[in-house]
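Engineer: sequence unknown, structure follows:
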């Protein structure tokens, strides 16, 4: 059982230190990769189809690893080592952005970064689930999301400062500014790796999950028999529908610039987004512990649909600020709570495999989603990908409310 007595900031020490790792890693990633679409479009003169292709291939191919690494963490019973390897690989890839001068090397570096994420994501989320009690799952995942996103906020604040000092209010991203972002971004990524000395494998429980909910050790059904319940499989199908319209955030960045906002303002918008995300995540998780997961997720997905409709319909520069803030609300409501729902639906000894499937569905679907968005942008209009995303989100909300039983 997770240690009920030891707490740091109100959560199990494992969850706190995993949150600290994510905090520093996101400081790094936001500095280096958030403005990657603008680096490709403004500096390397890359088209939106190629940008979508880079993001889609990197996420989708690496997502196959999430399935394997999640299963492997269940098999070997060591989630910490796989998580560390994944974080280390991503960290080692980042400095190479200093010498990338065409989209081909950028794609390779982005793939290596996502390769590391593919290894770490499922074992890490399973480790969070292993380290908390059933009554605190929403809180635990909400805390982890809040730490992750607070790191992203700090990274973007640093990025905004760098851009302001190096290029001011120039509309397009400049090479010198991006070079400084990479130099500063590699430092916190290496520091984060040292925090793993404080993380430990919690003792395992014997627990299964039936179609109606968790079952104790005395259940007649072995855990493996109920690893993927009908509810969980249906949830993955609904998640696929939602993600098909949820293309890379690169298109939201490009849309904000398309509306006339310069790079500095775009970074400030993303700071606002991450600050809202961080503030909403933990309260949303705690609320899901009391009210149920699917209602909170459904509200989040509905807000997502409204945000995408807004990006499609409005053409004033200032509207991007409101929409990015609302986008943070969506993330805060849905991301951590969806992970808690995964833990609810599967037995403990299959959580790694379940998270592998969860992340795998999201990541693999990003390839067609990003390609569709890139094609719609060029062939129809910059608003078209957002109409499509709003439509798939509405379908997913209906499916979640009608077919997922808690």
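Structural biologist: Received it, and whenever you're ready, just let me know what you need. In this text, all values refer to a predicted model and were calculated from it rather than measured experimentally.

Engineer: residue nearest the centroid of this structure?
Structural biologist: In the chain, the centroid-proximal residue (C-alpha atoms, centre = their mean) is residue 335; its distance is 7.3 Å.

Engineer: Which stretches in the protein count as helices?
Structural biologist: For the chain, the helices defined by DSSP state H occupy 13-33, 36-38, 48-76, 79-93, 103-130, 137-166, 175-194, 230-244, 250-258, 263-291, 293-313, 319-345, 351-379, 384-403.

Engineer: For residue 240, give me its contacts.
Structural biologist: Residues in contact with residue 240, defined by C-beta atoms under 8 Å, 6 or more residues apart in numbering, are 361, 365. (Each C-beta comes from the backbone N, C-alpha and C, glycine too.)

Engineer: Look up how far residue 39 lies from it.
Structural biologist: Note on residue 240: its distance to residue 39, by C-beta to C-beta, to the nearest Å, is 30 Å.

Engineer: Quick check: pLDDT value at residue 231.
Structural biologist: Residue 231 carries a pLDDT score of 86 in this model.

Engineer: didn't it look like it was pressed against residue 405?
Structural biologist: Yes. Residue 231 lies in contact with residue 405 (C-beta atoms under 8 Å); the separation is 6.2 Å.

Engineer: So which of the two has more stuff around it?
Structural biologist: residue 231 (20 against 11; other C-beta atoms under 10 Å).

Engineer: Torsion angles phi and psi at residue 259?
Structural biologist: phi -80, psi 0 (degrees, to the nearest 10).

Engineer: Show the model's pLDDT score for it.
Structural biologist: At residue 259, pLDDT is 88.

Engineer: Quickly note the distance from it to residue 329.
Structural biologist: Counting by C-beta to C-beta - residue 259 and residue 329 are separated by 20 Å.

Engineer: Of these two, which one has the most company?
Structural biologist: Using other C-beta under 10 Å, the more surrounded residue of residue 259 and residue 329 is residue 329, with 21 against 18.

Engineer: In contact with the more buried one, which residues?
Structural biologist: 276-277, 280, 300, 303.

Engineer: switch to 10 Å and redo it
Structural biologist: By C-beta atoms under 10 Å, 6 or more residues apart in numbering, the contact set of residue 329 is 273, 276-277, 279-280, 284, 299-300, 303-304, 306-307.

Engineer: Report the two members of those residues separated by the largest distance.
Structural biologist: 279 and 306 (19.0 Å; C-beta to C-beta).

Engineer: Touching, residue 163 and residue 181? I think so.
Structural biologist: Yes. The pair residue 163 and residue 181 passes the contact test of C-beta atoms under 10 Å, sitting 8.1 Å apart.

Engineer: So for residue 12, what's the nearest residue that isn't a sequence neighbour?
Structural biologist: residue 131 (4.7 Å; C-beta to C-beta, 6 or more residues apart in numbering).

Engineer: remind me which residues of this protein are low pLDDT?
Structural biologist: 1-5, 204-227 (pLDDT under 70).

Engineer: Kindly recompute the last result at 50.
Structural biologist: Where the chain drops to pLDDT under 50, the residues are 1, 206-226.

Engineer: show me the contacts for the closest residue to residue 256 other than its chain neighbours.
Structural biologist: Of all residues beyond its chain neighbours, the one nearest residue 256 is residue 320 (4.4 Å), with distances taken as C-beta to C-beta, 6+ apart. Residues in contact with residue 320, defined by C-beta under 10 Å, 6+ apart, are 252-253, 255-261, 265-266, 269, 310-311, 314.

Engineer: Between those, which sits nearest residue 149?
Structural biologist: Looking across those and measuring by C-beta to C-beta, the closest to residue 149 is residue 269, at 14.7 Å.

Engineer: looking at it, residue 153 is touching residue 276, isn't it?
Structural biologist: Yes. Counting by C-beta under 10 Å, residue 153 touches residue 276, with 9.4 Å between them.

Engineer: When those two are compared, which one has more neighbours?
Structural biologist: Neighbour comparison, residue 153 and residue 276: the larger count goes to residue 153, with 24 against 21 (by other C-beta under 10 Å).

Engineer: tell me the contacts of the closest residue to the more buried one other than its chain neighbours?
Structural biologist: Of all residues not flanking residue 153 in the chain, residue 274 sits nearest, at 4.0 Å (C-beta to C-beta, 6+ apart). Residues counted as contacts of residue 274 (C-beta under 10 Å, 6+ apart) are 26, 30, 34, 148-157, 324, 327-328, 331-332.

Engineer: Could you report the distance from residue 274 to residue 391?
Structural biologist: From residue 274 over to residue 391 (counting by C-beta to C-beta), the distance is 27 Å.

Engineer: ditto for residue 173
Structural biologist: 31 Å.

Engineer: more neighbours, those two?
Structural biologist: The residue with more neighbours, out of residue 173 and residue 391, is residue 173; 26 against 15, by other C-beta under 10 Å.

Engineer: now residue 142: how far from residue 336?
Structural biologist: Distance from residue 142 to residue 336, by C-beta to C-beta: 5 Å.

Engineer: any common contacting residues for these two?
Structural biologist: Counting by C-beta under 10 Å, 6+ apart, the contacts common to residue 142 and residue 336 are 280-282, 284-285, 288.

Engineer: ok, so of these, who is nearest residue 44?
Structural biologist: Closest to residue 44, out of all of the shared contacts of residue 142 and residue 336 and judged by C-beta to C-beta, is residue 281, at 34.0 Å.

Engineer: pretty sure the closest one contacts residue 335?
Structural biologist: Yes. Applying C-beta under 10 Å, one finds residue 281 in contact with residue 335, separated by 7.2 Å.
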